[in-house]
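*Asks:* sequence and predicted structure below; questions after.
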Amino acid sequence: MPLRVKGLPAPDASIAPAIFVCLPLAPMRTRAGQAQPFTQKPYRICPPGPRIPCEFFPPCLASRRARRIWFRRTAEGRSMDIQSVGIVGAGQMGSGIAHVFALAGFDVLMTDISEDSLAKALSQIDRNIERQVLRGKVAPEAKAAAMARIRTTLRLADTGPCDLIIEAATERETVKQAIFEDLLPHLKPHTILTSNTSSISITRLASRTDRPEKFMGFHFMNPVPVMQLVELIRGIATDAATYQTLLGVVEKLGKTAASAEDFPAFIVNRILMPMINEAVYTLYEGVGSVKSIDESLKLGANHPMGPLELADFIGLDTCLAIMNVLHDGLADTKYRPCPLLTKYVEAGWLGRKTERGFYDYRGPVPVPTR
Ligand SMILES: NC(=O)c1ccc[n+]([C@@H]2O[C@H](COP(=O)([O-])OP(=O)(O)OC[C@H]3O[C@@H](n4cnc5c(N)ncnc54)[C@H](O)[C@@H]3O)[C@@H](O)[C@H]2O)c1
């Protein structure tokens, strides 16, 4: 006999599963109700879900353990088998993503508007996997097999039949929206759409497609073959099967997923980018030179790279775009992009990718440009 709670209507077992499906992964919490520590199971971090009185569940789902197992089985049962991946944008992120997917056994089709970017991406992937072969991390036959799995095309529509699309083009909302709109007529009904955006609203991008429930943020870190983390961002309409499918893909890549809510710049860049922006302000206001700012953070805070060096590595255009999304999306002046960052971008000094940013990379060793 299910429990009755005074003042609430009689339990209705038929609606219980439906209510439960609508919940976030709230049952995946410790006994004390704490989110599990980031280092253990990061993908289980989630905001507290609403508490549903136990009388709403049928007797077979009366215990939290039973509900947890039921939910996992239901969600896992619906997750999809991904074999082919279409990657849109063959810049530093697109090429890194193609590298790890091909090594993990997925068929990869990479597209870009620039033939030069596609050619550079292929040679970069070849060089990077070769480095892994020389270090004994990848077998020579595995390299040959991975390279054979990567194809390129200049026609976006060719990626339509892939099971999973990962958009990794320039960090501009209009560019990303246009890509998804152009792709829609060529997609298979089951295709999952994802964006590697560092900051832009997943819910907003998804709402412009015909499948917001099959749309997610799939945020890889740079350099992709080295960095362990992948942020998974659900839009408001993303369904459990899509989330479970991407969790499975991350597992197959041998990486670790962290779940982030859909707010500007998610977790990593919400914290990292204001620090980089502050480093640029520190330079702008003359508090320190490029060299002293980077050395201070490396030697004083044990960061592996200085913030300005890191900004050059990410791309100053991407840093500025993320700061603008934070500033507009959170409407707080603390996210105001530094005018000096804007000036570098206007000059076309975008960091390593254009050989000039806070450092000049055209000589044998990088030298500060200020
Ligand atoms: N750079 C980083 O550290 C980093 C880290 C995580 C996520 N990201 C995100 O990844 C995405 C790509 O960043 P990146 O650093 O690789 O940029 P990038 O400038 O190196 O590459 C962008 C690529 O997109 C291509 N492109 C532009 N418009 C296109 C279109 N309409 N169709 C197909 N291709 C198009 C460009 O030709 C270029 O090759 C951005 O959304 C960025 O925020 C970047």
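*Replies:* Great, that's in hand.

*Asks:* in terms of pLDDT, where does whichever residue of the stretch 51-200 of the chain sits closest to the ligand sit?
*Replies:* As assessed by CB to the nearest ligand atom, the ligand sits closest to Gly91 within the stretch 51-200 of the chain, at 1.8 Å. Just so you know, the C-beta spots here come from the backbone N, C-alpha and C atoms, and that holds for glycine as well. For Gly91, the pLDDT comes out at 97.

*Asks:* and it, backbone torsions?
*Replies:* phi -80, psi -150 (degrees, to the nearest 10).

*Asks:* my read: it touches Val175, true?
*Replies:* No. With contact defined as CB atoms under 8 Å, Gly91 and Val175 do not form a contacting pair (11.9 Å).

*Asks:* what's the overlap in contacts for these two?
*Replies:* Common contact partners of Gly91 and Val175 (CB atoms under 8 Å, 6 or more residues apart in numbering): Ala169.

*Asks:* between those two, which one's more packed in?
*Replies:* Gly91 (19 against 14; other CB atoms under 10 Å).

*Asks:* how about the more buried one, what does it touch?
*Replies:* Going by CB under 8 Å, 6+ apart, Gly91 touches 112, 117, 121, 168-170, 353.

*Asks:* and those residues, which is closest to Lys252?
*Replies:* Ala168 (18.5 Å; CB to CB).

*Asks:* show the contacting residues for the closest one.
*Replies:* By CB under 8 Å, 6+ apart, Ala168 lies in contact with 87-89, 91, 93-94, 97, 196, 220.

*Asks:* most neighbours, which of those?
*Replies:* Neighbour counts for these peak at Ile87, which has 29 neighbours (criterion: other CB under 10 Å).

*Asks:* that older thread, farthest pair in the contacts of Ala168?
*Replies:* Across those (CB to CB), the longest gap, 13.7 Å, separates Val88 and Phe220.

*Asks:* so which residue of the stretch 251-370 of the chain comes closest to the ligand?
*Replies:* Closest to the ligand within the stretch 251-370 of the chain is Ile314: 3.7 Å, counting by CB to the nearest ligand atom.

*Asks:* does that residue touch Lys353 like I think?
*Replies:* No. The pair Ile314 and Lys353 does not pass the contact test of CB under 8 Å, sitting 9.6 Å apart.

*Asks:* which one's more surrounded, those two?
*Replies:* Between Ile314 and Lys353, counting by other CB under 10 Å, Ile314 is the more crowded of the two (24 against 17).

*Asks:* what's the neighbour count on the residue nearest to the more buried one when sequence neighbours are not counted?
*Replies:* Nearest residue to Ile314, sequence neighbours excluded (CB to CB, 6 or more residues apart in numbering): Asn222, at 6.3 Å. The number of residues packed near Asn222 is 15, by other CB under 10 Å.

*Asks:* quick one: secondary structure of Asn222?
*Replies:* Under DSSP: H, G, I helix; E, B strand; the rest coil, Asn222 falls in the coil class.

*Asks:* what's the spacing between Met147 and Gln124?
*Replies:* 12 Å (CB to CB, to the nearest Å).

*Asks:* hmm, stretch 268-282 touching the ligand?
*Replies:* No. Stretch 268-282 lies apart from the ligand when judged by CB under 6 Å from any ligand atom; the minimum separation is 7.9 Å.

*Asks:* now that stretch: buried residues?
*Replies:* 268-270, 272-274, 276-277, 279-280, 282 (16 or more other CB atoms under 10 Å).

*Asks:* on the pLDDT front, check Arg4 for me.
*Replies:* pLDDT for Arg4: 43.

*Asks:* repeat that for Ala62.
*Replies:* At Ala62, pLDDT is 72.

*Asks:* and the residue nearest to Ile314, what does it touch?
*Replies:* Neighbouring residues of Asn222 by CB under 8 Å, 6+ apart: 92-93, 96, 313-314.

*Asks:* which among the residues you listed gets closest to Lys252?
*Replies:* Gly96 (16.4 Å).

*Asks:* residue contacts, Gly315?
*Replies:* Each residue near Gly315 by CB under 8 Å, 6+ apart is listed here: 92, 350-353.

*Asks:* name the member of these with the most neighbours.
*Replies:* Of the contacts of Gly315, with other CB under 10 Å as the count, Gly351 tops at 25 neighbours.

*Asks:* which residue is the nearest non-sequential neighbour of Gly86?
*Replies:* Gly86 sits nearest to Thr159 (CB to CB, 6+ apart), 2.9 Å away.

*Asks:* residues near the one you found, how many?
*Replies:* Residues near Thr159, counting by other CB under 10 Å, number 26.

*Asks:* ok, Glu346 next?
*Replies:* Neighbours around Glu346, by other CB under 10 Å: 9.

*Asks:* try the one 3 residues further on
*Replies:* A total of 19 residues lie near Trp349 under the criterion other CB under 10 Å.

*Asks:* the helices in the stretch 1-150 of the chain, which residues?
*Replies:* Along the stretch 1-150 of the chain, counting by DSSP state H, counting those that start in this stretch, helices occupy 16-21, 64-78, 92-103, 115-134, 140-149.

*Asks:* pick the most deeply packed of these.
*Replies:* helix 92-103 (a mean of 25; mean count of other CB atoms under 10 Å).
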